[in-house]
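Participant: Let's see this in three dimensions:
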Amino acid sequence: MLFSQVQKVFYFLFFFRFIYSQTNVAIVSEKVGTEIDIHENRFYRIFPDEKGFLSAQIVDIGNGKFRITIVKQIQGMETTVRRYIDQSEFQKIQNKVDHLPDFTKERKIEMYEGMDFIRAEKIINDIPKPQFIVIKHSDNKKLRGTLLKVEDNILYVQGPSIIEKISLSDLDRISYRDSFGKYDKYKNYFFVGTGLLGFIGAYSYNSQRAVIYNDYNIPRNDIAFYRYLNGIILGLIFSSEVFDAVSTLLTSSETIILSEAEYNEENYNQ
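Facilitator: Residues are numbered from 1 along each chain as shown. The predicted structure is shown next:
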């Protein structure tokens, strides 16, 4: 009996505390309501420096003080952090939101059109591979190399000496080529050209060498022919690699931003 009464008192206090906390939620503006979600935060930039932001709520704790409860996602795990501000800081947030337009469906679509980081996983998986890329990751580190594959959101990039493994979550931006094959129609002409260059190289080499005679004082034309053949074969062997390199250089590259922090740096901190 006593336990039941204590239990009722506990439930009453818990319910009272819940109601009290809800009635003391500070409304920043009618434009965002009692809880600031991830989309509203991106549009109004209320907490622009909170990495992994999911939602936030501001509660008036009295005496001109406010508690901000922020839910974030860090490395796939949800965590809650608390910040405390005074009346003047709360007023600044209100003024910031009030001076911006309403967050309509049309403005939401327009806002997300330029946010490639929202589609980072799909973009990375759709990049033609292998290909040469330039990436910025992990606090302004740059890496140039060949993107070999992507597995479980890990990029395998062949650097000068080793294969680097870069997590997609650490990526800030990437420069790559969206398509290949634009110059494939010239590939056969290119092979003929490199073969001809090999022949010319062999001809130049032969012209600088003395004529070799056999035991019967007959010129060894077969050696010269062998050098011509080697020159043509070498030209054809390297033609594919040279063609790929030239066509890559002639194909325009695209640079996209893959992190929200980099997006903010590019668009708001200039």
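
Participant: which stretches of the stretch 51-200 of the chain form strands?
Facilitator: 53-62, 65-74, 77-86, 131-137, 141-151, 154-158, 163-167, 171-176 (DSSP state E, counting those that start in this stretch).

Participant: Just send these back as JSON lines, with distance to P101 too.
Facilitator: Bear in mind the C-beta positions are built from the backbone N, C-alpha and C, glycine included. Shown next, in JSON lines, are the strands of the stretch 51-200 of the chain (distance: least, CB to CB, whole Å):
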{"stretch": "strand 53-62", "distance to P101": "21"}
{"stretch": "strand 65-74", "distance to P101": "24"}
{"stretch": "strand 77-86", "distance to P101": "25"}
{"stretch": "strand 131-137", "distance to P101": "33"}
{"stretch": "strand 141-151", "distance to P101": "38"}
{"stretch": "strand 154-158", "distance to P101": "38"}
{"stretch": "strand 163-167", "distance to P101": "37"}
{"stretch": "strand 171-176", "distance to P101": "29"}
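
Participant: The ones you listed: which one's closest to E121?
Facilitator: strand 141-151 (8.9 Å; CB to CB).

Participant: Buried ones in the closest one, by neighbour count?
Facilitator: L143, G145, L147, V150 (16 or more other CB atoms under 10 Å).

Participant: Low-confidence bits of the chain, can you list those?
Facilitator: By pLDDT under 70, the weakly predicted segments of the chain are 1-23, 181, 241, 244, 248, 269-270.

Participant: coming back round to it: from the buried residues of strand 141-151, which is closest to I85?
Facilitator: Using CB to CB, those come closest to I85 at L143, 39.4 Å.

Participant: ok, that closest one touching I166?
Facilitator: Yes. L143 lies in contact with I166 (CB atoms under 8 Å); the separation is 7.0 Å.

Participant: And for G33, the neighbour number?
Facilitator: By other CB atoms under 10 Å, 13 other residues sit near G33.

Participant: Same check on S247?
Facilitator: The tally of other residues near S247 (other CB under 10 Å) stands at 18.
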